[in-house]
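> coords please:
(one chain, ligands or ions: 1)
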Amino acid sequence: MKKLLIILARSLVAYSAMAVAVGAFWMGTLALRPTDDERRQSWDSEPPLVVVDAGHGGHDGGAVANQLIEKDTALDIAQRLKTRLGAQGLRVLMTRDKDVFIPLEKRATIANDTHAAAFVSVHLNTAVEDAATIHGLETYFSDSKGLQTIRLIKDRLKIPTPVKLEDRRGKELAESIQRITCRRTEAENRGTKERGLTVIHGTACPSVLVECGFLTHKKEAGRLNQAGYKDSLASGIADGVVAFLRAQSLQPRRGLILTEPKSVSPMEPLTARN
Ligand SMILES: [Zn+2]
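Numbers count the residues shown, from 1 in each chain. Okay, the predicted model is just below:
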């Protein structure tokens, strides 16, 4: 009996020491990670606003394949993205947080009216031909902005009207998201593509449309049905947005190519991509 008590006492001491060691290691790990408060404070006085747009909705279901409906999967990923961006201290506004239809122009207007710093539209892809083999992630940006949009950008960044403006910020945001999200999800990298899609063509802020995968590809659709995979997608997109906004906060005109009109002279030299 005495022997048994000694063994028990020794085990208790050993377990306590182990618990202290694990606790210390855990605390050390925690101490290395920035707290939510620290993340929030790391932005300037007011954190940037990101508009997250879940594609389709209401009577517009988008693509349907392998038992998935685009509007539902897009909303699910968009909500996870909202959580991830919020955890990084950013302000987030969703164009829709339920199953409703919102016209495309209205989605761009929401970003413009709220002075968003970035706009991310979440969609799912489909392949008509070779559906069995085509899979992966691609991100769209629009180089050609409407005249009204260009006017809005110049107004907000106090760029004189005669100066020619080319906006490459969408491309930079797309590349940041594409690179980080493909690494995080191990999805096939189909690259970034230029296309004048309404939601990204009409937004004054850097904006992208992420096609998060192909519903028509059986294996990828299976992954898109898993919470863990949707979380990886959301965390990759969020980190891509944050990396872009961090660079942008150091150089507010980064990604803008400004060309001085020939007829106007002399003028402050405008540095390209400053
Ligand atoms: Zn879509």
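> how far away is R168 from R254?
Remark: distance between R168 and R254 (C-beta to C-beta, to the nearest Å) = 9 Å. In short, each C-beta sits where N, CA and C put it, glycine included.
> how about the nearest residue to the closest residue to the ion within the stretch 101-250 of the chain, chain neighbours excluded?
Here the stretch 101-250 of the chain gets closest to the ion at one residue, H123, 3.6 Å apart by C-beta to the ion. The shortest distance from H123 to any non-neighbouring residue, by C-beta to C-beta, 6 or more residues apart in numbering, is to G55 (4.0 Å).
> residues near that neighbour, how many?
If you count neighbours by other C-beta atoms under 10 Å, G55 ends up with 28.
> that one reaches T73, doesn't it?
No - look at G55 against T73 with C-beta atoms under 8 Å: they stay out of range, at 9.4 Å.
> tell me where the model's unsure across this protein.
1-42, 263-274 (pLDDT under 70).
> near the ion, anything from stretch 131-146?
No - counting by C-beta under 5 Å from the ion, the ion has no neighbours in stretch 131-146; the shortest distance is 10.7 Å.
> tell me how far the ends of that stretch are from each other?
34 Å (C-alpha to C-alpha, to the nearest Å).
> just stretch 131-141 next, same as before
Counting by C-alpha to C-alpha, you get 24 Å between the two ends of stretch 131-141.
> this structure against the ion: which residues are in contact?
Listed as neighbours of the ion in the chain under the rule C-beta under 5 Å from the ion: G55, G62, H123.
> in terms of helix, strand or coil, where does the nearest residue to A127 once chain neighbours are set aside fall?
For A127, ignoring the flanking residues on the chain, the nearest one in space by C-beta to C-beta, 6+ apart is I134 at 4.0 Å. What DSSP: H, G, I helix; E, B strand; the rest coil gives for I134 is coil.
> with E129 instead?
coil.
> for it, the count of nearby residues, please.
Residues near E129, counting by other C-beta under 10 Å: 8.
> same check, this time on the one 4 residues further on
Here the neighbour count serves as a burial measure; for T133 (other C-beta under 10 Å) it reads 9.
> what does it show for phi and psi?
phi -110, psi -30 (degrees, to the nearest 10).
> skipping adjacent residues, who's closest to it in space?
H217 (7.7 Å).
> the most centrally placed residue in the chain sits in which helix or strand?
Nearest residue to the geometric centre of the chain (C-alpha atoms, centre = their mean): I237, 3.6 Å. Using DSSP states H and E, I237 maps to helix 227-250.
> re earlier: am I right that the residue nearest to A127 is in contact with E211?
No - when contacts are counted by C-beta under 8 Å, I134 is not listed as touching E211 (11.3 Å).
> how much space between L197 and D143?
Distance from L197 to D143, by C-beta to C-beta: 12 Å.
> neighbour-wise, which of those two wins?
Neighbours per residue, other C-beta under 10 Å: of L197 and D143, the larger number sits with L197, 18 against 14.
> tally of neighbours for R195?
What R195 shows, counting by other C-beta under 10 Å, is a neighbour count of 12.
> tell me the phi and psi of the residue nearest to A127?
Given degrees, to the nearest 10, the pair of backbone angles that I134 has is phi -80, psi 120.
> what of A65?
phi -160, psi 150.
> beta partners of it?
On the basis of DSSP bridges, A65 is bridged to L68.
> need the contact partners of the one helix or strand T149 maps to.
In this assignment (DSSP H and E), T149 forms part of helix 147-157. The contact list for helix 147-157, computed with C-beta atoms under 8 Å, 6 or more residues apart in numbering, reads 112, 115, 145, 159-161, 163, 165, 167, 201-204, 252-253, 256.
> buried set for that helix?
Across helix 147-157, burial judged by 16 or more other C-beta atoms under 10 Å covers T149, I150, L152, I153, K154.
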